[in-house]
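[1] show me how the following folds:
(one chain, ligands or ions: 2)
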Amino acid sequence: MAKPVSIEVWNPSGKYRVVSTKPMPGTRWIRLLTDQDCRVEICTEKKTILSVEDILSLIGNRCDGVIGQLTEDWGEVLFSALRRAGGKAFSNMAVGYNNVVVGAANKYGIAVGNTPGVLTETTAELAASLSLAASRRIVEADQFMRAGLYDGWLPHLFVGNLLKGQTVGVIGAGRIGSAYARMMIEGFKMNLIYYDLYQATRLEKFVTGMSLLAFSIYNCISGLVSSYGEFLKANGEQPVTWKRASSMEDVLREADVISLHPVLDKTTYHLINKERLAIMKKEAILVNASRGPVIDEAALVEHLKQNPMFRVGLDVFEDEPFMKPGLADMKNAVVVPHIASASKWTREGMATLAALNVLGKIKGYPIWSDPNRIESFLDENSVPPAACPSIVNAKELDDCITYCSCIPQPQPAE
Ligand SMILES: NC(=O)c1ccc[n+]([C@@H]2O[C@H](COP(=O)([O-])OP(=O)(O)OC[C@H]3O[C@@H](n4cnc5c(N)ncnc54)[C@H](O)[C@@H]3O)[C@@H](O)[C@H]2O)c1
Ligand SMILES: O=C(O)[C@H](O)CO
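    Ligands and ions are numbered 1, 2, ... in the order given. Model prediction:
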């Protein structure tokens, strides 16, 4: 018998029972559910990571849908329990869903939602912040100041790396990887090399498009230049270049700053290991805001010890919430606790998308056709479309996909 967990209830007489395993930012997500006849139960247990038993207790005997977190183990046990309770949907409040065994959800006919798009720029900004913090040794310097060690300007004090004109490498150039690449190219005039299983057409177009736009504007004004490279040169700057690498090793060898943005799956587990660290430049910067196990963290600690000029910026860790022994002592590592998507707007938007995934399945709405264009769900001043923003197993469940945004709007509950 599972131990009861504490909850807070909204709209107790609601027809559909929706459980959220954590309080989530904002109140719009609660309103969207209660307006559609849902009773919302929010787990208020103090402990950070809920066990499978805790969640079983939350699901109980009758539950229409659950909004959960990336720290939870969603597999056979929970999906079978949710099915028995009459549930239709689970949504992670996250874009990554490596904590979910999608095959088990398919087996029990449960839809699995995630929250793409709303966190793209916020996560890319954190990766950019880590790139800067690591390259300019900001955390080390801050600690030095607070320790009262600063006794005057020195030519060698906290010398780091200049980004301008260096090469940024992106591994996994999807939504976040591409947004990060654009920030580093535009912000610091870095050259780009990327590796992905697929061509990042939008990113390539952006770089080329930017070049052409700048080129045409400059050309109109001066009539002097024939390429973006020349445009930059004419301004006394190095031209920006980009290329798609045919192997990940090419990125590791060539780039000065490398940021990891792939999904975590069998192909990306320990993508960065001892051998691959060894081929990186001795003074390279490595950033990870994807998932911890993409890096063999024990090998990374050894590499940091052997190569004091090699620096990392980490938002995620192999055994969260823990760090591998030795990492916390490394001055050449900047570490933050999985906060890449932590801006108010983004977290409230993630809660909204997760709630709408669950609500949409309960109401029998179709699936939104393009999870990269979810803005219409986030506009606080309008009723969101009657669709599930992003269901990762829609195909497996034979769900109906909507290709039109002009679909009927949901009506308030009577
Ligand atoms: N730290 C955080 O708080 C945080 C926030 C958001 C997302 N994330 C992580 O970032 C990941 C990416 O999010 P996204 O929205 O950009 O997803 P996305 O699907 O748009 O991009 C992932 C990219 O990884 C590529 N990829 C897959 N396998 C690969 C491989 N073996 N080698 C190279 N590339 C490979 C894919 O082709 C895709 O382009 C999420 O799955 C999540 O785990 C972390
Ligand atoms: O996958 C995700 O969405 C993050 O890790 C949390 O924002």
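
[2] report pLDDT for Leu224.
    pLDDT for Leu224: 40.

[3] what about the residue in the stretch 151-300 of the chain that ligand 2 sits nearest to, distance to Gly326?
    Closest approach between the stretch 151-300 of the chain and ligand 2, counting by CB to the nearest ligand atom: Arg291, at 7.3 Å. Any C-beta I mention is one placed from the backbone N, CA and C, and that applies to glycine too. For Arg291, the distance to Gly326 equals 21 Å [CB to CB, to the nearest Å].

[4] more neighbours, these two?
    Comparing Arg291 with Gly326 by other CB atoms under 10 Å, the one with more neighbours is Arg291, at 25 against 15.

[5] can you name the residues that contact the more buried one?
    Neighbouring residues of Arg291 by CB atoms under 8 Å, 6 or more residues apart in numbering: 96, 98, 263-264, 268, 316.

[6] out of those, which sit inside helices?
    Among the contacts of Arg291, none falls in helices (DSSP state H).

[7] quick check: Ala387 touching Asp399?
    No. Assessed by CB atoms under 8 Å, Ala387 is found out of contact with Asp399, at 10.5 Å.

[8] mind listing what Tyr365 touches?
    359, 386-388, 410.

[9] show me which of those residues is closest to ligand 1.
    In terms of CB to the nearest ligand atom, no member of the contacts of Tyr365 lies closer to ligand 1 than Cys388, at 17.3 Å.

[10] could you report the neighbour count for that closest one?
    Neighbours of Cys388 using other CB under 10 Å come to 30.

[11] for it, which residues are in contact?
    Each residue near Cys388 by CB under 8 Å, 6+ apart is listed here: 89, 111, 113, 356-357, 360-361, 365-368, 394, 399.

[12] among those residues, name the ones in helices.
    Checking the contacts of Cys388 against DSSP H, those in helices are 356-357, 360-361.

[13] could I get the residues you listed as JSON lines with neighbour count, pLDDT and distance to ligand 1?
    Below are the ones in helices among the contacts of Cys388 laid out as JSON lines (neighbours: other CB atoms under 10 Å; pLDDT from 0 to 100; distance: CB to the nearest ligand atom, whole Å):
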{"residue": "Leu356", "neighbour count": "31", "pLDDT": "98", "distance to ligand 1": "18"}
{"residue": "Asn357", "neighbour count": "32", "pLDDT": "98", "distance to ligand 1": "15"}
{"residue": "Gly360", "neighbour count": "31", "pLDDT": "98", "distance to ligand 1": "20"}
{"residue": "Lys361", "neighbour count": "25", "pLDDT": "98", "distance to ligand 1": "21"}
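
[14] in JSON lines: these, plus distance to ligand 2.
    Shown next, in JSON lines, are the ones in helices among the contacts of Cys388 (distance: CB to the nearest ligand atom, whole Å):
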{"residue": "Leu356", "distance to ligand 2": "16"}
{"residue": "Asn357", "distance to ligand 2": "13"}
{"residue": "Gly360", "distance to ligand 2": "19"}
{"residue": "Lys361", "distance to ligand 2": "20"}
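
[15] Ala278: which of the residues you listed is nearest?
    Lowest distance from Ala278 to those (CB to CB) belongs to Asn357, with 42.5 Å.

[16] list the contacts of that closest one.
    89, 91, 111, 113-115, 388-391.

[17] at 10 Å what do you get?
    For Asn357, the contacting residues are 65, 67, 89-93, 111-115, 365, 367-368, 377, 387-392, by CB atoms under 10 Å, 6 or more residues apart in numbering.

[18] repeat for Gly14
    33-41, 64, 413 are the contacts of Gly14 under CB under 10 Å, 6+ apart.

[19] which SS state does the nearest residue to it once chain neighbours are set aside fall under?
    Residue nearest to Gly14 in three dimensions, not counting chain neighbours: Arg39, with 3.3 Å by CB to CB, 6 or more residues apart in numbering. Of the three states, Arg39 takes strand under DSSP: H, G, I helix; E, B strand; the rest coil.

[20] if I look at Arg39, how far off is ligand 2?
    To ligand 2, Arg39 is 27 Å away according to CB to the nearest ligand atom, to the nearest Å.

[21] so which of the contacts of Arg291 are also by ligand 1?
    Contacts with ligand 1 within the contacts of Arg291, as defined by CB under 6 Å from any ligand atom: 96, 263-264, 268, 316.

[22] make a markdown table out of these and add pLDDT and neighbour count.
    Listed next are the ones next to ligand 1 among the contacts of Arg291 as a markdown table, based on pLDDT from 0 to 100; neighbours: other CB atoms under 10 Å:
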| residue | pLDDT | neighbour count |
| --- | --- | --- |
| Gly96 | 98 | 18 |
| Val263 | 98 | 15 |
| Leu264 | 98 | 18 |
| Thr268 | 98 | 20 |
| Val316 | 99 | 23 |
